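Visitor: Sequence plus the predicted model coming up.
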Amino acid sequence: MQSLLHAIYPAQCVSCGALTDADFGLCGPCWRDTGFIGGLVCDTCGTPLPGNETAGIVQCDDCMTIARPWSRGRAVFLYKDNGRKIVLQLKHGDRTDLARPAGQWLANVAAPLLQDDTIIVPVPLHWARLLTRRYNQAALLAHWAAHHLNRPVAPDALIRTRHTRKLDGHSRDARFAALQGVITPHPRRKALNGRHVLLIDDVMTSGATFAAATEAALAAGATGVCVLHLARVAKDA
């Protein structure tokens with residue numbers, strides 16, 4: 001039956017639609033243009049770094065100068081070229097199907113961030129933005145990552161209390177100021193108390209959103225927080 005389905009509906013690249021060998025994957029050219037991160041990375045945010053992998057903890061310039069309330073972080077690819085296209089298609093193009101392969105990619109890099117009691121939590125979306133977009137892309141990513149990692153997910157453990165303006169093009173300080181206190185624990189959810197939290201979002205730029213969400217998770221009783229994002233905005237990448 002599976003062979004018949006593939007004959008009628010052959011596997012296609014999730015980015016460009018070209019034929020591929022397997023479902024929910026990328027063709028060779030799209031894979032090469034996506035900028036998957038490997039090798040030495042910042043242990044706090046996942047930014048790729050020059051040099052060879054080392055047993056010690058290394059950080060990028062941003063994470064050495066900005067206090068991060070979370071402990072460790074990883075990213076799948078850089079926010080550029082086809083990686084940027086994938087994120088924008090997922091976020092604004094109604095391509096919710098992209099969350100399935102993206103969830104696998106997230107799971108592939110999550111190992112250093114996991115503990116026995118880890119619970120997965122998406123960065124929340126304000127209800128007004130959810131009304132217009134119809135879905136929270138971070139929640140979709142968290143669902144599929146949790147599926148591949150066989151970990152519990154708490155999709156509504158955190159809430160966004162204010163509808164902030166879009167922060168594209170704003171300075172780092174402006175982003176942190178705008179997001180101060182915007183994310184809080186859900187008053188009727190206790191899933192994070194005494195658990196280690198893995199926060200998931202689509203993109204990390206300054207880290208302001210992750211910082212706000214981390215502080216909310218810690219306020220909800222989390223014993224520690226790590227962050228995982230599909231794409232990392234890196235100045236020199």
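Guide: The structure has been received and is ready for your questions.
Visitor: can I see the domain layout of the protein?
Guide: According to automatic domain parsing, the chain comprises the domains 1-32, 42-232.
Visitor: Quick one, grab the pLDDT at Leu167.
Guide: If you check Leu167, the pLDDT there is 63.
Visitor: which residues in this structure form helices?
Guide: When assigned using DSSP state H, the helices of the chain occupy the ranges 2-8, 28-32, 61-65, 81-92, 99-109, 127-133, 137-149, 172-179, 208-219.
Visitor: got TSV for the domains of the chain, with mean neighbour count too?
Guide: (Glycine included, C-beta is placed from N, CA and C.) Below are those laid out as TSV (neighbours: other CB atoms under 10 Å):
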stretch	mean neighbour count
domain 1-32	13
domain 42-232	18
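Visitor: least reliable of these going by mean pLDDT?
Guide: If those are sorted by mean pLDDT, domain 1-32 sits at the bottom with a mean of 80.
Visitor: Give the full set of residues in contact with Arg95.
Guide: Contacts for Arg95 were tallied using CB atoms under 8 Å, 6 or more residues apart in numbering; they are Gln89.
Visitor: my bad, should have said Ala110
Guide: Ala110 makes contacts with 74, 145, 149, 198, 228, as judged by CB under 8 Å, 6+ apart.
Visitor: What of Phe77?
Guide: Listed by CB under 8 Å, 6+ apart, the contact set of Phe77 reads 34-37, 83, 105, 230-232.
Visitor: Using TSV, please lay out these together with distance to Leu141.
Guide: Conversion of those to TSV gives the following (distance: CB to CB, whole Å):
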residue	distance to Leu141
Thr34	16
Gly35	18
Phe36	16
Ile37	16
Gly83	14
Trp105	9
Leu230	6
Ala231	11
Arg232	14
